[in-house]
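Student: Predicted model follows, preceded by the sequence.
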Amino acid sequence: MNRHDERSPGAGGHAPSTDKPAVRLALWSARHPWRAIGGWLLMVVVCLALGSFAGTRQADSVDYRVGEAGRAEEIAAAAGILDPLEEKIVITPRPGSDSLDEAAARSAAEDAVRRMTGAPSVAEVAEPERSPTGQALLVTLTMKGEDAAISDDIPGLLERTEEVSEAHPRVQVAQTGHFSMGQGVSESMGDDLATAERITLPLTLVILMVVFGAVVAAGVPLVLALSSVAAAMGLSQLFSHLFPSVGANNSLILLMGMAVGVDYSLLFLKRVREERTRSGGRIGDEAALRIAAATAGHSVVVSGWAVIVSLAALFVVGDVVFSSLAISSIAVVAIVLGASMTLLPALLVKLGRAIDRPRLPLVGRITAGSREPGSLWPRLLGPAIRRPRAALAAGLLLITALALPALGMQLSSTEVSTLPKVDAVQARDRMMAEFPSQGADYLVVVRTDAEHRGELRGALDDLVRDAGRDPLLRSDVAPVTRVSEDGGTGTVRLRTPYAIDSDRAQDALGHVRDGLVPRTAGKVPGAETAVSGDVARNADVLAHQMNALPWVVGAVLVLSFLVMLIAFRSAPVAFVSTLLNVASAAGALGLLVLVFQSDWVQGMLDYDSDGFIVSRVPLFLFVILFGLSTDYNVFMVSRIREAALAGRTTTESILEGVSRSGGVVSGGAVVMVSVFVSFMFTDLLEMKQLGFGLCVAVILDVVVVRVLVLPAALRLLGRRLRWAGGNAHGVPAPARAPRREVRTTPR
């Protein structure tokens with residue numbers, strides 16, 4: 001480190017101020033590199049140790065309760081009459097066989113009953129039930145204890161089921177149910193995460209080597225991102241005791257950690273290189289780092305906070321899935337932000353000029369950097385600079401056309417049909433085909449006050465009688481009625497032969513809630529009624545999310561606008577930036593609908609189109625995209641503002657700012673796309689849709705918004721931008737430089 005040049009000038013000929021916290025933190029790390037590196041490693045180890053010690057608290061059925069269905073389950077549980085969850089052992093013909101071997105099936109069923117009886121989490125094992133076609137047997141296990149205890153016992157139960165299967169090879173034996181499907185999906189997601197890592201890490205390294213032209217420089221962002229991901233995964237386990245884990249946390253941590261980790265490192269490293277090159281080697285490591293911290297570092301801090309406040313808006317939903325994934329994402333972004341201002345400066349100081357070694361042939365010469373930006377970006381910006389109105393109109397017209405399909409978006413919260421086809425899910429499909437009575441059911445809960453308890457039993461009988469007369473509610477299985485010990489609460493479980501996600505199941509729910517219950521149990525004075533069941537639960541989850549949507553979107557827009565306003569001190573820039581982020585998200589949602597609500601590319605992406613988008617995806621997509629789009633916006637607008645405060649005209653500022661940040665944005669976008677693409681090849685439809693949406697959104701944002709729309713909009717705003725004096729990095733605005741002629745095309 002060269003201490004003699006600590007006050008070397010930065011861009012514009014002025015030494016950056018060290019008043020900014022980002023600069024002070026980066027300088028401390030640069031002056032005490034081993035402390036910073038050691039402290040960072042200790043932090044990662046502590047996070048992992050705390051997470052391992054605390055363990056992960058998985059979300060249980062109580063955590064998922066929302067709406068009327070959740071209220072019904074709370075009432076029944078408080079009265080001690082909520083039906084316990086069940087696991088099913090399904091015995092069907094072995095693959096390739098036309099009919100069930102009855103003797104082998106009976107033997108397997110008896111063996112399953114024997115093995116499951118007495119298991120720690122099994123309260124009761126029912127006698128085998130034959131399907132109406134005679135081609136399957138079903139053994140029902142009634143579970144007992146807390147959800148967490150049952151989940152811990154599920155691997156043991158699955159082992160017993162596997163033993164039955166191996167002992168009876170002439171039939172197919174498999175277990176299904178809430179817990180066994182959850183176990184299978186968790187294992188599948190773990191495999192998908194490992195696959196994503198195997199694809200993402202080598203591809204990211206190759207891309208970074210092309211961007212930097214040097215092996216060491218390419219490795220630094222990966223070190224920062226992966227160490228941040230590891231620390232965030234440890235913290236996520238700790239946070240799960242406040243916001244229970246929903247299973248996809250680690251996948252989202254990897255996705256977000258790699259995206260922002262590489263982005264922030266790329267921005268910081270590129271600025272350090274630029275300052276070294278621009279000075280012709282006259283400034284030392286600390287001076288280059290000070291300038292990078294005051295400029296790129298400030299942009300990283302603003303971007304990080306923009307992503308964090310966007311993700312924080314998900315807490316408005318009040319749903320365990322959104323809260324769990326939000327806290328995990330916020331944790332990894334915050335850790336990456338801290339690493340960018342501590343670990344990264346320390347590594348750069350210790351590596352020194354070795355950061356650019358070993359240089360790659362050809363690529364190393366191309367990416368070595370220069371005092372002035374190349375001609376590529378000015379050429380790309382030509383249309384936006386020469387004809388801003390036409391460029392703005394063309395860009396917005398294209399985005400509008402891409403966004404239009406989003407108006408026809410069909411949402412569904414049905415979870416089973418979106419799950420990967422693990423053994424337990426396939427077993428459920430076979431069970432549903434052979435046992436129609438296992439279809440959609442409805443749990444009607446009625447609670448009365450002490451004065452009218454005597455009327456409860458009669459009201460429940462009326463409900464059962466009327467249900468038998470309703471064509472949508474007729475079933476071969478008789479309704480099951482339960483009444484609490486104090487006689488004040490009762491439940492009726494109505495079974496139907498319809499699939500959970502079928503139209504008839506939805507119609508039946510309407511009959512129960514809007515007709516059957518009000519005219520029977522609802523007539524009891526002072527009675528409180530509610531309807532639950534799988535269909536009701538899915539409908540209430542969707543309604544809950546739709547009710548929260550305007551509040552989440554509003555919170556994201558307001559908070560992002562405020563972050564941009566504080567960062568750039570220009571209301572027009574903050575307003576335009578916010579609108580452009582909305583445009584990127586809208587275009588991505590339109591493309592998502594165009595692809596996943598049809599079947600024209602389902603073979604390529606390996607999914608079966610059910611004509612809907614998973615209800616959680618659009619909200620997640622909007623929030624994450626808003627944060628990531630703000631990243632690129634901050635990167636570009638910061639350089640434009642820096643040029644404007646150095647005395648450039650609006651046109652010159654746009655050309656210089658975008659040209660100097662374009663390489664960072666395009667490089668980061670390529671890395672992001674490589675990360676998001678890997679999630680398109682997972683088996684979980686939700687992650688597949690999220691990965692696709694993020695991928696196309698980043699491409700759209702960089703190719704259309706940042707190259708065409710943003711420069712054209714700023715060009716039209718011109719003097720109305722009114723950049724505040726004294727830039728955000730603490731560099732005083734110098735006297736205006738002489739105007740230069742800027743050519744966007746050869747004469």
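Tutor: Received the coordinates, thanks.

Student: and residue 101, how many neighbours does it have?
Tutor: When neighbours are counted by other CB atoms under 10 Å, residue 101 registers 16. All C-beta spots, glycine's among them, are computed from the backbone N, C-alpha and C.

Student: Ok, the one 3 residues further on next?
Tutor: For residue 104, the tally of surrounding residues (other CB under 10 Å) stands at 17.

Student: That one sits in which helix or strand?
Tutor: Applying DSSP states H and E as the criterion places residue 104 in helix 102-116.

Student: tell me which residues in that helix are buried?
Tutor: By neighbour count on 16 or more other CB atoms under 10 Å, the buried set for helix 102-116 is 104, 105, 106, 107, 108, 109, 110, 111, 112, 113, 115, 116.

Student: Can you tell me what sits against that helix?
Tutor: With contacts defined as CB atoms under 8 Å, 6 or more residues apart in numbering, helix 102-116 is touched by 89, 91, 122, 125, 127-128, 134, 136-137, 139, 141, 157, 160-161, 163-165, 167-168, 170-171, 173.

Student: Try it again at 6 Å.
Tutor: With CB atoms under 6 Å, 6 or more residues apart in numbering as the test, helix 102-116 has contacts from 89, 91, 122, 125, 128, 137, 139, 141, 160, 164, 168, 170-171, 173.

Student: so where does the residue nearest to residue 299 when sequence neighbours are not counted fall, helix or strand?
Tutor: Closest residue to residue 299 apart from its sequence neighbours, by CB to CB, 6 or more residues apart in numbering: residue 638 at 4.5 Å. Per DSSP H and E: residue 638 is located in helix 616-645.

Student: helices and strands around that helix, which ones?
Tutor: The contact analysis (3 or more CB pairs under 6 Å, 6 or more residues apart in numbering; DSSP states H and E) places helix 616-645 against helix 298-312, helix 534-568, helix 571-596, helix 650-679, helix 685-700.

Student: For that helix, the averaged confidence score.
Tutor: Mean pLDDT, helix 616-645: 88.

Student: Same question for stretch 353-370.
Tutor: Mean pLDDT, computed over stretch 353-370, is 65.

Student: thinking again about what came up before, what's the closest of the buried residues of helix 102-116 to residue 717?
Tutor: Closest to residue 717 out of those is residue 116 (70.9 Å), distances taken as CB to CB.

Student: mind checking how far that closest one is from residue 306?
Tutor: Here the criterion is CB to CB, to the nearest Å. By it, residue 116 lies 53 Å from residue 306.

Student: same thing with residue 539?
Tutor: Residue 539 is 35 Å from residue 306, by CB to CB.

Student: The two: which is more packed in?
Tutor: residue 306 (28 against 23).

Student: Now do the end-to-end distance for stretch 50-65.
Tutor: The straight-line separation of the ends of stretch 50-65 (CA to CA, to the nearest Å) is 29 Å.

Student: By mean pLDDT, which helix or strand of the protein comes out lowest?
Tutor: The helix or strand of the chain with the poorest confidence is helix 363-366; it has a mean of 49 (mean pLDDT, DSSP states H and E).

Student: related to what we said a few turns ago, would you convert the buried residues of helix 102-116 into CSV that also reports pLDDT?
Tutor: Output for the buried residues of helix 102-116, formatted as CSV (pLDDT from 0 to 100):
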residue, pLDDT
104, 95
105, 95
106, 95
107, 96
108, 96
109, 96
110, 95
111, 95
112, 95
113, 96
115, 95
116, 95
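
Student: wait, isn't residue 682 in contact with residue 193?
Tutor: No - applying CB atoms under 6 Å, one finds residue 682 not in contact with residue 193, separated by 8.3 Å.

Student: These two - which one has more neighbours?
Tutor: Taking other CB under 10 Å, residue 682 and residue 193 do not tie; residue 682 has more neighbours (23 against 20).

Student: Just say helix, strand or coil for the more buried one.
Tutor: coil (DSSP: H, G, I helix; E, B strand; the rest coil).

Student: Give the helix, strand or coil label for the residue located most distally from the centre of the chain.
Tutor: Within the chain, residue 454 marks the point farthest from the mean C-alpha position, 50.3 Å out by CA atoms, centre = their mean. State at residue 454, reduced to three classes by three-state DSSP: helix.

Student: Tell me the confidence at it?
Tutor: 87.

Student: neighbours of the residue nearest to it when sequence neighbours are not counted, just the number please.
Tutor: Nearest residue to residue 454, sequence neighbours excluded (CB to CB, 6+ apart): residue 487, at 7.9 Å. Neighbour count of residue 487, defined by other CB under 10 Å: 14.

Student: pretty sure residue 487 contacts residue 453?
Tutor: Yes - in terms of CB under 6 Å, residue 487 counts as a neighbour of residue 453; the distance is 4.6 Å.

Student: Can you tell me the element residue 327 falls in?
Tutor: helix 320-341.

Student: ok, and what's touching that helix?
Tutor: In contact with helix 320-341 (CB under 6 Å, 6+ apart) are residues 22, 25-26, 59, 63-64, 224, 228, 231-232, 235-236, 239, 243, 245-246, 249, 252-253, 256-257, 260-261, 264, 300, 304, 307-308, 311, 314-315.
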